[in-house]
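# Sequence below, structure please.
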Amino acid sequence: MIIFRYLTREILTTMAAVAGVLMLVIMGSRFIRYFSDAAEGDFPASILGSLMLYHLPGFFELLLPLSFFLAVLLAFGQLYMNSEITVLVACGVGPERLLRVTLLPALLVTAMVAACSLYLTPAGALKNELILELQKQKTDFSVLGAGRFQDIGTRTVYAESMSGDNSELKNVFIAERDDKKAANTADSEPRQSVIRAQRAFQEVSPETGSRYLVLGNGTRYAVEPGKAVAQRLGFDRYGVRVTEGQDAASLKDDIELATTAELIATDTPEAKAQLQWRISLPLMVPILMLIGLPLARVNPRQGRFARLLPAIFVHITYLSLLIAAQNAVASGKYPASIGLWPIHGVYLALGIWLSWRDNRGGGR
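Coordinates of the predicted model:
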């Protein structure tokens, strides 16, 4: 019992440290990207915290298997360096006993990864998409800034100032390119137009959910490059569609946002590939544990980092093959009935062979 508590504490403590470092790196990279998008006006900075929070399960489902794998290598490598494994073997604690002791923290990590991949990650991804879509449909200009040019699709928008409640722009200028009309004509150059208006506000259509930029008291000029002809249109009210409506039902057309129950009920290659991927992530944990225990066996003179590079290579190839197989199944190039399971079988066989070889050596 003392050995079990000691080894479990060493593995979980090391895993937490490795996962913390990797999480800081990945979250920092994602935060910088989101912060850059917020600085460009794609969405307000006030929702950054929510976006990062709902991304956490997606980070954990990828980091925990790797962190646990490295924790097994580092924790047992330290035991080999200090000759503690030799003492344990001399006391009758062989490789099979060490494997059983390590199995409980492995099952705990497997349950955590399964909760993330099967439930929390798709729910968090859907929540993020809904937050971003809701932000697009807001009837204020929290994502637009006064005094600077901002691209919205094929349009460039500029406003001189903004009302105090962020609900209306003043002295608005819009330049847009009509690529569709150019594609339907023999002209290669797109039709261009310029709009100037005294004020502008946003409006959401209750029927379609589309968002419109409604301009008031302005003029629209339409020109074609190379021609000395222009059209001038004065208006009291002019609507420009900014984004098309999208609700939760349409968002769930994205297979990555579907729940696991919906994937099980859907008989398409994309759904089967996504379902097998979600199952594969927790399945990696016990298989990596089986590989990690024999790889952690090092000579005290080598140091506990001697097998770290080969182990990382094993994990990278394992994950890369799973990703490649998932893409092949989703595209229909590889039968879903075979799917990702042969890859798990190969690495499971590798772990069994390494463990068998380690048992023959007595774990010393």
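# Contacts only, for the residue most central in space within the chain.
Centre of the chain computed as the mean C-alpha position; nearest residue by Cα atoms, centre = their mean is residue 58, 5.7 Å away. Residue 58 makes contact with 116, 121, 124-125, according to Cβ atoms under 8 Å, 6 or more residues apart in numbering. Quick note: C-beta positions are derived from backbone N, CA and C, even for glycine.
# Going by distance to residue 308, which of these wins?
residue 116 (25.1 Å; Cβ to Cβ).
# residues near that closest one, how many?
Neighbour count for residue 116, taken as other Cβ atoms under 10 Å: 24.
# what packs against the helix or strand harbouring residue 323?
Taking DSSP states H and E as the criterion, residue 323 maps to helix 308-330. Judged by 3 or more Cβ pairs under 8 Å, 6 or more residues apart in numbering; DSSP states H and E, helix 308-330 is in contact with helix 48-81, helix 269-295, helix 341-360.
# Just put the ones you listed in a markdown table and tack on distance to residue 163 and mean pLDDT.
Below are these laid out as a markdown table (distance: least, Cβ to Cβ, whole Å; pLDDT from 0 to 100):
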| stretch | distance to residue 163 | mean pLDDT |
| --- | --- | --- |
| helix 48-81 | 25 | 87 |
| helix 269-295 | 45 | 92 |
| helix 341-360 | 58 | 87 |
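# I'd like to know which of those helices lies nearest to residue 38.
Nearest of the helices and strands packed on helix 308-330 (Cβ to Cβ): helix 48-81, 6.2 Å.
# what angle sits between that closest one and helix 269-295?
Angle, helix 48-81 to helix 269-295, by axes from the mean of the first three to the mean of the last three Cα atoms, to 10 degrees: 30 degrees.
# Any buried residues in helix 48-81, and which?
51, 54-55, 57-81 (16 or more other Cβ atoms under 10 Å).
# now swap in stretch 18-26 and tell me
Within stretch 18-26, the residues that qualify as buried are 18-19, 22-23, counting by 16+ other Cβ under 10 Å.
# would JSON lines of these with pLDDT and secondary structure be doable?
Output for the buried residues of stretch 18-26, formatted as JSON lines (pLDDT from 0 to 100; DSSP: H, G, I helix; E, B strand; the rest coil):
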{"residue": "18", "pLDDT": "90", "secondary structure": "helix"}
{"residue": "19", "pLDDT": "91", "secondary structure": "helix"}
{"residue": "22", "pLDDT": "90", "secondary structure": "helix"}
{"residue": "23", "pLDDT": "91", "secondary structure": "helix"}
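# For residue 281, state which of those residues is nearest.
If you rank the buried residues of stretch 18-26 by distance to residue 281 using Cβ to Cβ, residue 19 comes first, at 14.5 Å.
# Residue 106 against residue 289, yeah?
Yes. Counting by Cβ atoms under 8 Å, residue 106 does reach residue 289; the two are 4.4 Å apart.
# Quick check: neighbours shared by these two?
Joint contacts of residue 106 and residue 289 (Cβ under 8 Å, 6+ apart) are residue 68.
# Identify whichever of the helices and strands packed on helix 308-330 lies nearest to residue 332.
Within the helices and strands packed on helix 308-330, the stretch nearest residue 332 is helix 269-295; the backing value is 4.9 Å (Cβ to Cβ).
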